[in-house]
Structures are given as C-alpha cells and as structure tokens.
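Visitor: Dropping a prediction and its sequence here:
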Amino acid sequence: MTVQDIRAFNRFYTNVIGALDHSRHLHAPYTLTEARVLYELAHSPRTDAADLRGELSLDSGYLSRILARFERDGLVERAPSAQDPRRRRFTLTAHGRETAALLAERSDQAVGSLLSAVSAADRTRLAEAMRTIREILSDGRPPRREDVVLREPVAGDLGWIVQRNAALYAAEFGWNADYEGLVARIVADFAEDHDPHLERVWIAELDGRPVGCVMCVRDEAPATARLRLLLVEPDARGLGAGDRLIGAVVDFARGVGYRDLVLWTNDVLAAARRLYQRHGFVLTAEKPHRSFGKDLIGQDWRLSLTDTGE
C-alpha cells in the first residue's frame with residue numbers, strides 16, 4: 001500500500017458519504033465540522049471547550065466561532081466548568097437536542113439509503129473491513145472513555161438487548177430462561193407500542209459494536225418514568241458507559257417533564273446499585289423473591305426529578 005492508495009480511498013469515501021457538501025446532503029444549515037461539534041455536545045460526557053478542542057483537533061478560534069454561532073442559534077448555553085471555573089462548559093438547550101436528534105435521524109437515513117443497495121453478504125464484508133481499518137489505524141491502543149458513544153437503536157439492536165441480557169446474566173449470576181422471557185416481553189412491548197416523545201432506548205457503542213443499553217419507559221404511576229434493562233458488556237466496564245447510560249435516562253426523563261424516575265433491581269447487582277446511588281437514587285423498598293431460578297432480594301429505587309437541592 002502507498003500513500004496514494006490511501007489518498008485515493010479518502011477521495012472516494014468522502015464523495016460517497018457526501019462529506020464535501022454535508023449541509024446539502026442532509027438538508028441542514030451546518031457544515032460537517034459544525035455537525036460533528038453538535039454530535040459531541042450531544043454524546044460526550046465532557047463538554048468543556050478545551051475538551052472539545054482536544055477531542056476534535058480543532059483550532060481554538062475556529063471552535064470558538066462555531067460555538068458562538070450555536071449560541072446565536074439557541075442551540076447551546078455556556079457556563080463555567082464544574083472542574084475549573086476558568087474553563088467554559090457548553091451544554092445543549094432543548095432546541096439544541098432537537099437539532100442534534102434531527103441531524104442524527106437524517107444521517108441515519110442517508111446511510112440507510114447507501115446500504116439499501118448493498119447485499120446482506122456484502123454488508124458483513126463491509127463491516128469487517130471497516131472494523132479492520134479502525135483496529136489497524138488505532139495502533140492497538142486500549143479503548144478510552146470518549147470512544148464510547150450513545151446512540152438510538154437501529155434494526156437488530158432490540159434483539160441484541162434480549163440476547164445479551166439473557167447470555168450475560170446466565171453467565172454471571174446463573175439466571176435461567178425465565179429472565180430471557182421477561183426481557184423479551186419488555187422489549188416486545190416497547191417495539192410494538194411506545195411514545196417516542198416520552199420513551200426511549202439508548203445503545204452504548206464502542207468501535208462500531210454495541211456494548212451497553214438502557215430503556216426509559218412510562219410507569220403506571222402518574223408523571224413517573226421507569227429505567228429498565230441497564231446492561232454493560234464486561235469488556236466495556238470501567239469506561240463510564242453505565243454512568244452515561246443512566247445519566248441519559250435521567251436527563252431525558254427530566255427534560256420531558258417526568259417528576260420521578262423509578263427502577264427495580266436485585267441485591268446481587270452491586271455495581272449497578274452503586275451507579276444508581278451516584279445519580280441520587282434512593283432505596284425505597286426490599287422484598288425477597290424466587291425468580292430466574294434463584295433466591296433474590298428485589299429492590300425498588302426512586303429519584304425525584306423535581307428536587308432542586310443538588
């Protein structure tokens with residue numbers, strides 16, 4: 001392989017994905033770089049201007065102009081960083097989240113249109129080739145927290161949630177097929193009938209593969225949401241995926257107007273319970289039960305979303 005081979009591939013690929021005319025390609029008033037900054041603000045746990053500049057390798061002046069435009073458009077708000085008051089932290093407004101979601105939806109549609117002409121066998125080859133490129137050019141470095149991204153589910157992801165929950169809990173806790181049946185019903189209910197404005201699923205992705213998930217659904221109690229099916233693959237633990245998945249549910253539930261967020265878990269899931277406590281959930285009830293082939297202690301946890309005493 002020569003330098004010219006790589007440059008030729010780059011020219012081909014940027015043309016295929018419409019990178020040189022991104023705003024027209026997605027019918028949006030933002031350039032590819034601006035859309036990438038918006039994406040990082042929507043998905044990255046670190047939104048200080050300095051972190052964004054380092055993550056995207058952008059000139060500080062160029063990034064400042066982009067963020068200033070986002071402020072004028074009502075997409076972001078700025079405040080002193082919680083870690084260092086001398087630094088600036090940018091967060092998306094409700095309009096910013098809507099805009100980021102719209103761009104993500106249009107990007108998904110564009111890629112879906114591109115893949116529609118690719119056979120199933122060639123899609124497998126394509127995915128393997130892209131994974132190989134990423135692995136080789138990453139020079140074997142270990143994954144970083146910022147490599148984990150949260151995204152909307154695509155075709156096949158809901159099935160993955162059922163399969164991985166069943167396999168992982170069987171391997172780690174010895175739970176039987178009753179748990180797989182429970183997860184399958186939860187996922188099927190969501191797939192068949194959910195309100196996209198009030199209920200969502202997030203997939204945590206690392207190097208192009210799903211490594212975690214969580215759901216936010218309406219509870220029977222008024223103005224209450226329920227967090228369900230939090231899962232993080234063993235090889236992705238320690239990268240903050242679980243923390244970010246819970247944070248996404250909390251932010252979403254609060255943003256759409258729920259007053260409380262509840263969840264049910266079991267005492268053996270110690271790592272997950274520590275994450276819930278970190279986000280302010282409070283244990284409200286415990287009850288022994290026999291489920292999934294094991295004697296367990298079920299736990300109810302609750303987080304008030306209207307508490308301003310943070």
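Guide: Yep, it's here.
Visitor: Every contact and neighbour count from this point should use C-alpha atoms.
Guide: Will do.
Visitor: where in the stretch 201-310 of the chain is pLDDT low?
Guide: Regions of the stretch 201-310 of the chain meeting the criterion pLDDT under 70 cover residues 308-310.
Visitor: can you give me the helices for it?
Guide: Ranges of helices within the stretch 201-310 of the chain are 241-255, 270-278, based on DSSP state H, counting those that start in this stretch.
Visitor: just so I know, which of these lies nearest Glu172?
Guide: Closest approach to Glu172 among the helices of the stretch 201-310 of the chain is made by helix 270-278 (12.4 Å; C-alpha to C-alpha).
Visitor: ok so, going back, what would the helices of the stretch 201-310 of the chain look like in JSON lines with distance to Ile136?
Guide: As requested, those are arranged in JSON lines below (distance: least, C-alpha to C-alpha, whole Å):
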{"stretch": "helix 241-255", "distance to Ile136": "24"}
{"stretch": "helix 270-278", "distance to Ile136": "33"}
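Visitor: Please identify the most buried of these.
Guide: Comparing the helices of the stretch 201-310 of the chain by mean neighbour count (mean count of other C-alpha atoms under 10 Å), helix 241-255 ranks first with a mean of 20.
Visitor: Output that helix as PDB, restricted to C-alpha atoms.
Guide: Only the C-alpha atoms of helix 241-255 are listed here, as PDB (Å, rounded to 0.1, in the frame of the first residue of the first chain):
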ATOM      1  CA  ALA A 241     -20.700   3.500  29.800                       C
ATOM      2  CA  GLY A 242     -23.100   2.600  32.600                       C
ATOM      3  CA  ASP A 243     -22.800   6.100  34.200                       C
ATOM      4  CA  ARG A 244     -23.600   7.800  30.900                       C
ATOM      5  CA  LEU A 245     -26.500   5.500  30.100                       C
ATOM      6  CA  ILE A 246     -28.100   6.300  33.500                       C
ATOM      7  CA  GLY A 247     -27.300  10.000  33.000                       C
ATOM      8  CA  ALA A 248     -29.000   9.900  29.600                       C
ATOM      9  CA  VAL A 249     -32.200   8.500  31.100                       C
ATOM     10  CA  VAL A 250     -32.200  11.000  34.000                       C
ATOM     11  CA  ASP A 251     -31.600  13.900  31.600                       C
ATOM     12  CA  PHE A 252     -34.300  12.700  29.200                       C
ATOM     13  CA  ALA A 253     -36.900  12.000  31.900                       C
ATOM     14  CA  ARG A 254     -36.300  15.400  33.500                       C
ATOM     15  CA  GLY A 255     -36.400  17.200  30.100                       C
END
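Visitor: by how many degrees do that helix and helix 270-278 diverge?
Guide: Calculated by axes from the mean of the first three to the mean of the last three C-alpha atoms, to 10 degrees, helix 241-255 forms an angle of 40 degrees with helix 270-278.
Visitor: Against which helices or strands is helix 241-255 packed?
Guide: When contacts are defined as 3 or more C-alpha pairs under 8 Å, 6 or more residues apart in numbering; DSSP states H and E, helix 241-255 packs onto strand 200-206, strand 209-218, strand 224-232, helix 270-278.
Visitor: closest to Ser81 out of the ones you listed?
Guide: helix 270-278 (19.8 Å).
Visitor: That closest one - contacts with which helices or strands?
Guide: Looks like helix 270-278 contacts helix 241-255 (3+ C-alpha pairs under 8 Å, 6+ apart).
Visitor: starting at the chain centroid, how far to the helix it packs on?
Guide: Distance of helix 241-255 from its chain centroid, counting by C-alpha atoms, centre = their mean, to the nearest Å, is 9 Å.
Visitor: try stretch 31-46
Guide: So, by C-alpha atoms, centre = their mean, the centroid of stretch 31-46 is 13 Å from its chain's centroid.
Visitor: Contacts for that stretch, please.
Guide: Defining contact as C-alpha atoms under 8 Å, 6 or more residues apart in numbering, one finds that stretch 31-46 is touched by 19-23, 47, 52, 56, 66, 90-92, 97, 100, 103, 146, 149-151, 244.
Visitor: State whether Phe9 is indeed within a helix.
Guide: Yes - residue state for Phe9 (DSSP: H, G, I helix; E, B strand; the rest coil) corresponds to a helix.
Visitor: Let me know how buried it is, in neighbour terms.
Guide: Neighbour count for Phe9, taken as other C-alpha atoms under 10 Å: 11.
Visitor: Just the buried residues from the contacts of stretch 31-46, in ChimeraX please.
Guide: Per 16 or more other C-alpha atoms under 10 Å, the buried members of the contacts of stretch 31-46 correspond to this ChimeraX selection:
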select :19,22,23,47,52,66,90,91,92,97,100,103,146,149,150,151,244
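Visitor: Perfect, that will be all.
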